[in-house]
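**Q** Fold the following for me, if possible:
(2 chains)
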Amino acid sequence: NAGVTQTPKFRILKIGQSMTLQCTQDMNHNYMYWYRQDPGMGLKLIYYSVGAGITDKGEVPNGYNVSRSTTEDFPLRLELAAPSQTSVYFCASSYLGGRVDTQYFGPGTRLTVL
Amino acid sequence: LAKTTQPISMDSYEGQEVNITCSHNNIATNDYITWYQQFPSQGPRFIIQGYKTKVTNEVASLFIPADRKSSTLSLPRVSLSDTAVYYCLVGDNFNKFYFGSGTKLNVKP
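**A** Next up, the predicted model:
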């Protein structure tokens, strides 16, 4: 199993540009998540999905959109990129979303907005 | 959100036992305590989880006192490869987990 994969690894955007961060998992997990991590800080939940076709907002959803058309894929869309979105983005998945479940994280995408 | 307080950083030497304490005074009855490890340029990785008393796996031990207002992650005989950031999370569901700034553990030779 490849686990959770993310593309691209690095990206530089200009202010106002858009892009999609890709996330794929091959563990047949129901739950998928997007987090951002600013330098020296912990992770903040952007959006999550409990299954194909179902998504919901996390702690910091503004400026982002998601979709979940398949179990495997959970892309994160940035519209009108802003410098405040410079961060490392992590995708994660888990079989269940409950308190005893384990989240598996991807390697991250480092995004810089100039 | 049940927030947590951890030391910002800790230093240790190879071969020593390291104990990282996390304070979670407002932990709720249904909350579990989970620890993750994060190496530079990687996503976090699950280490251990518990509800009360003591939990042990092949990597670490987790000690939780009766009042559950704190917990201690114990790493036996650390090596250089244990240098990482360690996060303590408290919650009963993924969307209530709070990743604080974590504890940066620096293991020296």
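**Q** which residues touch the spatially most central residue of chain A?
**A** Centroid-nearest residue in chain A: A:W34, 2.8 Å away (criterion: C-alpha atoms, centre = their mean). Taking C-beta atoms under 8 Å, 6 or more residues apart in numbering or on different chains, we find A:W34 in contact with A:21, A:23, A:45-48, A:58, A:64, A:66, A:74, A:76, A:89-92. C-beta: built from backbone N, CA, C; applies to glycine.
**Q** which SSE is it in?
**A** Element membership for A:W34 (DSSP states H and E) is strand A:31-37.
**Q** CA atoms only for that strand, dumped as PDB, please.
**A** Taking C-alpha atoms only, strand A:31-37 is exported to PDB below (Å, rounded to 0.1, in the frame of the first residue of the first chain):
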ATOM      1  CA  TYR A  31     -12.700   9.600   6.500                       C
ATOM      2  CA  MET A  32     -10.300  12.000   4.900                       C
ATOM      3  CA  TYR A  33      -9.000  15.400   6.100                       C
ATOM      4  CA  TRP A  34      -7.100  18.400   5.100                       C
ATOM      5  CA  TYR A  35      -4.900  20.300   7.500                       C
ATOM      6  CA  ARG A  36      -2.600  23.200   7.200                       C
ATOM      7  CA  GLN A  37       0.500  23.800   9.300                       C
END
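**Q** List the contacts of the helix or strand following that strand.
**A** Using DSSP H and E, the helix or strand that follows strand A:31-37 in sequence is strand A:43-51. Strand A:43-51 is contacted from outside by A:30-38, A:55-61, A:64, A:66, A:68, A:71, A:74, A:76, A:89-90, A:97, B:44, B:94-95, B:97, B:99, using C-beta under 8 Å, 6+ apart.
**Q** give me the residue from chain B nearest chain A.
**A** Here chain B gets closest to chain A at one residue, B:G43, 2.7 Å apart by C-beta to the nearest C-beta.
**Q** tell me the secondary structure for that residue?
**A** Following DSSP: H, G, I helix; E, B strand; the rest coil, the label given to B:G43 is coil.
**Q** Backbone dihedrals for it, both of them.
**A** The phi/psi pair for B:G43 (degrees, to the nearest 10) reads phi -80, psi 160.
**Q** how much space between the residue nearest to it when sequence neighbours are not counted and A:S94?
**A** Residue nearest to B:G43 in three dimensions, not counting chain neighbours: A:F105, with 2.7 Å by C-beta to C-beta, 6 or more residues apart in numbering or on different chains. In this view, A:F105 and A:S94 are 10 Å apart by C-beta to C-beta, to the nearest Å.
**Q** where are the low-confidence patches of chain B?
**A** For chain B, the stretches with pLDDT under 70 are B:1-2, B:92-97.
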